[in-house]
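Asker: next input, structure requested:
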Amino acid sequence: MRNGTLLAAIDLGSNSFRLEIGRYEHGQVQRIEYLKETVRQGNALDERRNLSPEAMQRGWECLSRFSERLQQIRKTHIRAVATQTLREARNREVFLARSREILGLPVEVISGNEEARLIYLGVASLLPASEEKRLVIDIGGRSTELIQGTDIKPRHTASFPLGSVGWSMSFFADGKLTEKTFYQAEVAAQAVLGEAYNHFGPGQWDIAYGTSGTVSAVADILQAAGMPADQISIKGMQWLRQELIAAGSTAKVELAGLKEDRRPVIGGGVSILTALMELLQIETLEVAQGALRHGVLAEMIKRSARKSDIRDVSVRRLARKFVMDAQQSQRVKRIALQIMGKLVNNSDSDLTSLLKRQLGWAAQLHEIGFAISHDDYHKHGAYILDNADLPGFNVQELHRLSRLILGQQGKLKNLDTDFDEDYFSALLVALRLAIILCHARRDPDISVLRFESDTEERRFRVSVPAEWARGYPQSAHLLRQETLAWQKTSWAFELLET
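Answerer: Here you go, the predicted model:
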């Protein structure tokens, strides 16, 4: 990445949306602009976990304002990620589709563990290099992330489904702040967080850091009360808890440093943080400057190096875990990429690189379902990918991989809606043809084959010399069968034997 490159990260949190714009200079990102808007989508999920139209509209209006600030930045240097609320929302595709139109790029829904990994990367990127064992805590609107690591490497990550917005709705919905409600909220929080003790309890870390929403809000209040800046002590939490109880309700709380947008969720946030500090025996929590959005920026820089993408590592680890035939996977990958090169003509080098990686990952993992059964292994493989939690991947990327693996063989009618996705059909046909040509688990001779595509007519064509077909009769038979597989899809597949 060149010095002076502008980068932007958008964090669609459950309580607030944030935009961080920075300039890359000598391995670091210098802040140019930071915007934050309280959207509070976390309290707008109904009993069926559908996001309300009003909440979606608030989000779209915020993203429209963010979009104005992003006009001078290349789309490939902008990344938008969404967290717990959109992980839960059953109608998230409605929100995501309109968001993509507004921003001109997709919003990535990331898993809880991926959110935790990026939070740690963001915190570590703004801390000095150190061999200290770190604990990082982030209490968001609907989830809480815990990470234990050293320097920039996370060792253990966890995400729990409780946050300041959700907990405030559950225990402080009427705005009353009493000893009883705080006790109930803290006991419930420790019940959810109890399993965190093993990896994040005393002895597992040297110093504890807190970041973002609730932690920043509490730190501001304690500092305004005369306590040390950028620190939260258990004594400070006890003092704050008593101040809130003395006020009796959120409407009557008068504390210097408490921002108005935090008032409705202060009860939930304080109860979770108190419970967490007591559970993990944290005497003092240091307030970190880094956060999820900084981790997203740091990850973009690493990916730009092309040789440092955590997704490549995740795919290799998964393949080893399921004891796959590495030689066959690499053979299919090599042939699939050669075929794709004939079918996809795009001047956008970043897009082409991404498509190659997606196809390469699918090829490397195409036999992962064998670990369950050789019968319907493509279905088992798709299930694994749809339910995997791989560092570096967002939910949509894993689903796209699962659809490629599901479609690697057999009928394609169940994938018909996927054919409208950008370049999905080209990746799928390249993968299917590579598997066909490598069916004997040896390097195929494809030098005389010709691969073509016509996006306007939505047609793929493979030309095969008659002599080659006679020399490889099984491969020729499978290619003829391929013409039948595509008949009930929106694309056509032609085999010309010359």
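
Asker: in the longest helix along the chain, what's buried?
Answerer: In the chain, assigned by DSSP state H, the helix with the most residues is helix 326-343. Under the neighbour-count criterion of 16 or more other CB atoms under 10 Å, helix 326-343 has 328-329, 331-333, 335-340, 343 buried. For the C-beta atoms, the positions are set from N, CA and C on the backbone; glycine is no exception.

Asker: kindly report the same for stretch 403-419.
Answerer: 403-409, 412, 415, 418-419.

Asker: mind pulling up the pLDDT for the residue nearest the centre of the chain?
Answerer: Centroid check for the chain by CA atoms, centre = their mean gives Ile110 as the closest residue, at 2.4 Å. In this model, Ile110 is scored at 97, pLDDT.

Asker: can you report phi and psi for Ile32?
Answerer: Per-residue torsions, Ile32: phi -100, psi -40 (degrees, to the nearest 10).

Asker: that one and Thr150, how far apart?
Answerer: Distance, Ile32 to Thr150, using CB to CB, to the nearest Å: 31 Å.

Asker: same question for Leu398.
Answerer: Leu398 is 28 Å from Thr150, by CB to CB.

Asker: over to Lys180?
Answerer: Computed as CB to CB, the Lys180 to Thr150 distance reads 41 Å.

Asker: please identify which of the two sits among more neighbours.
Answerer: Thr150 (15 against 10; other CB atoms under 10 Å).

Asker: so what's the more buried one up against?
Answerer: By CB atoms under 8 Å, 6 or more residues apart in numbering, the residues touching Thr150 are 130-134.

Asker: report the lowest-confidence entry in the buried residues of stretch 403-419.
Answerer: Lowest pLDDT within those is found at Asp418 (73).

Asker: is that residue in a helix, a strand, or coil?
Answerer: State at Asp418, reduced to three classes by DSSP: H, G, I helix; E, B strand; the rest coil: helix.

Asker: ok so, going back, how close does the residue nearest to the centre of the chain get to Gln184?
Answerer: Relative to Gln184, Ile110 is positioned 31 Å away (CB to CB).

Asker: next: Gly381.
Answerer: Per CB to CB, Gly381 is found 45 Å from Gln184.

Asker: so for the two, which sits in the more crowded spot?
Answerer: The neighbour comparison of Gly381 against Gln184 (other CB under 10 Å) goes to Gly381, with 26 against 14.

Asker: now the closest residue to the more buried one other than its chain neighbours: phi and psi?
Answerer: Leaving out its chain neighbours, the residue that sits closest to Gly381 by CB to CB, 6 or more residues apart in numbering is Gly369, at 3.3 Å. When read as degrees, to the nearest 10, the backbone of Gly369 gives phi -70, psi -20.

Asker: can you give me the pLDDT of Gly369?
Answerer: 96.

Asker: ok, it - contacts?
Answerer: For Gly369, the contacting residues are 376-384, 405, by CB under 8 Å, 6+ apart.

Asker: so what's the residue count around Gly175?
Answerer: 15.
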